[in-house]
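Engineer: one predicted model, sequence on top.
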Amino acid sequence: MTVSRLRDIPGIGVDVVGDAADALNDPEILRLENLDTDVRPPEIALATTRAAIDDDSANSYLPFQGRASLRRAAAAHVGRLAGRTYDPDTECVSVAGGLNGVLNTLLATVEPGQEVVLTDPTYAGLVNRVLLAGGVPRFVTAHAGPAGWSVDAGELAAAVGPNTAAVLVMGPAMPTGLVLGDAHWAALAEACERHDAWLVYDAAMERIRFDGRPVSHPAAHEALTA
């Protein structure tokens, strides 16, 4: 690759895995490489999608910040989880996919050479986006145990330092299912405030839980709300 910013960014091989699974054409294979399922969407979602084809306002670049009704719904959803109020007009934008939003956020918050803290293992696509933004990944090891994967809240917070631009985490995390909770957010709130670092939270898997634990949202902590 001749473009310097792509020189140290490896492919993640998801196309190879997907092509191999397609070639087998075995319905018993559990496809984890594309987060796809054979669960039919709710009927209301199907009906709304069909109707949108003929709705001119649903087929436009405008408004640039995203459809107002979607922003209101998103702000209300996060507000319920965080226990605070968000203004959909000034504190919410919609993006073309979560990872698009992650990259744009990193480009807006990370200076080349600054560190971005991530848990390890983590989704390779997040690491590659840190590299694309010119950031330096700093990994905090998660450990597998009888109750699943965990990472020490103190160790995670201690990784935040003077050269940290952001902490980039998922909850639950891919590919381990690591779940971060109030103890992690409290520790990160103090560390991020002290070092003027951002917390970038990828909530793509937020509601996929099998243990009955409620969602713990970082924005419930005042120091992580802005």
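Structural biologist: Sure thing, it's come through. All values derive from a computational prediction rather than experimental measurement.
Engineer: when you work out contacts or count neighbours from here on, use the C-alpha atoms and nothing else.
Structural biologist: Fine.
Engineer: tell me how far the residue nearest in space to the middle of the chain lies from Leu99.
Structural biologist: For the chain, the residue sitting closest to the mean C-alpha position, by CA atoms, centre = their mean, is Asp202 at 1.9 Å. Look at Asp202 and Leu99: by CA to CA, to the nearest Å, they are 8 Å apart.
Engineer: am I right that Phe139 is in a strand?
Structural biologist: Yes. Phe139 forms part of a strand when assessed by DSSP: H, G, I helix; E, B strand; the rest coil.
Engineer: how close does it sit to Asn100?
Structural biologist: Following CA to CA, the distance that separates Phe139 from Asn100 is 22 Å.
Engineer: got it, and Thr48?
Structural biologist: Taking CA to CA, one finds Thr48 at 24 Å from Asn100.
Engineer: how about Gln65?
Structural biologist: For Gln65, the distance to Asn100 - CA to CA - is 14 Å.
Engineer: who has more neighbours, the two?
Structural biologist: Gln65 (15 against 11; other CA atoms under 10 Å).
Engineer: now do the contacts for the more buried one.
Structural biologist: By CA atoms under 8 Å, 6 or more residues apart in numbering, the contact set of Gln65 is Cys92, Val93, Ser94.
Engineer: in strands, which of the residues you listed appear?
Structural biologist: Using DSSP state E, no member of these falls in strands.
Engineer: of all those, which comes closest to Asp38?
Structural biologist: Ser94 (26.7 Å; CA to CA).
Engineer: wait, that closest one touches Pro63, no?
Structural biologist: No. At 10.0 Å, Ser94 does not count as touching Pro63 under the criterion of CA atoms under 8 Å.
Engineer: number of nearby residues for the closest residue to Thr164 other than its chain neighbours?
Structural biologist: Once flanking residues are discounted, Thr164 sits nearest to Glu115: 4.6 Å by CA to CA, 6 or more residues apart in numbering. Glu115 has 25 neighbouring residues, counting by other CA under 10 Å.
Engineer: and Glu115, its phi and psi?
Structural biologist: Backbone torsions of Glu115, given as degrees, to the nearest 10, read phi -90, psi 150.
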